[in-house]
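**Student:** show me how the following folds:
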Amino acid sequence: MQRYRALVFERERRYESPDGTVDLYVSRVAGGARIRLTADDAVEETPRFSPDGEKIAFTRRSGADAVPEVRVVPALGGEIVARIPH
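**Tutor:** As a prediction, the model looks like this:
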């Protein structure tokens, strides 16, 4: 896969979900549309690119008292490929 210069960020869905749901997005630095990486009722935070830039690891909590899990998703979106209990 070609390495892209991209930025990954989290965004709270305040207007869609008043419970504080947070989703992850990625956007190429050179421009273009942002890509939504997650879209569920959980809180996904602390995204980090892998050293080769092909994957993004992040933490996910399904509720305020839930134990966070570490998950991995392809950098340009797709199926979550790993679930690692924290």
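**Student:** ranges for the helices of the chain?
**Tutor:** For the chain, applying DSSP state H gives no helices.
**Student:** centre-most residue in the chain?
**Tutor:** The centre of the chain sits closest to L24, judged by C-alpha atoms, centre = their mean, with a distance of 3.5 Å.
**Student:** who touches that residue in this structure?
**Tutor:** Applying C-beta atoms under 8 Å, 6 or more residues apart in numbering, we find L24 in contact with 8-11, 36-38, 44, 47, 56, 58, 73. C-beta: built from backbone N, CA, C; applies to glycine.
**Student:** which parts of the chain are strands?
**Tutor:** Assigned strands in the chain, in chain order: 6-12, 22-28, 35-36, 43-49, 55-61, 69-74, 82-85 (criterion: DSSP state E).
**Student:** if we can go back for a sec, quick check: the farthest pair among the contacts of L24?
**Tutor:** Greatest spatial distance among those (C-beta to C-beta): R11 and V73, at 15.5 Å.
**Student:** so for these two, which sits in the more crowded spot?
**Tutor:** Between R11 and V73, counted using other C-beta atoms under 10 Å, the more crowded position is V73 (22 against 13).
**Student:** the more buried one contacts S50, doesn't it?
**Tutor:** No: using C-beta atoms under 8 Å, V73 is not in contact with S50; the gap is 10.5 Å.
**Student:** between the two, which contacts overlap?
**Tutor:** Joint contacts of V73 and S50 (C-beta under 8 Å, 6+ apart) are I56.
**Student:** and the nearest residue to the residue nearest to the centre of the chain once chain neighbours are set aside, how many neighbours?
**Tutor:** Distance criterion C-beta to C-beta, 6 or more residues apart in numbering; nearest residue to L24, sequence neighbours excluded, is L37 at 4.3 Å. L37 has 24 neighbouring residues, counting by other C-beta under 10 Å.
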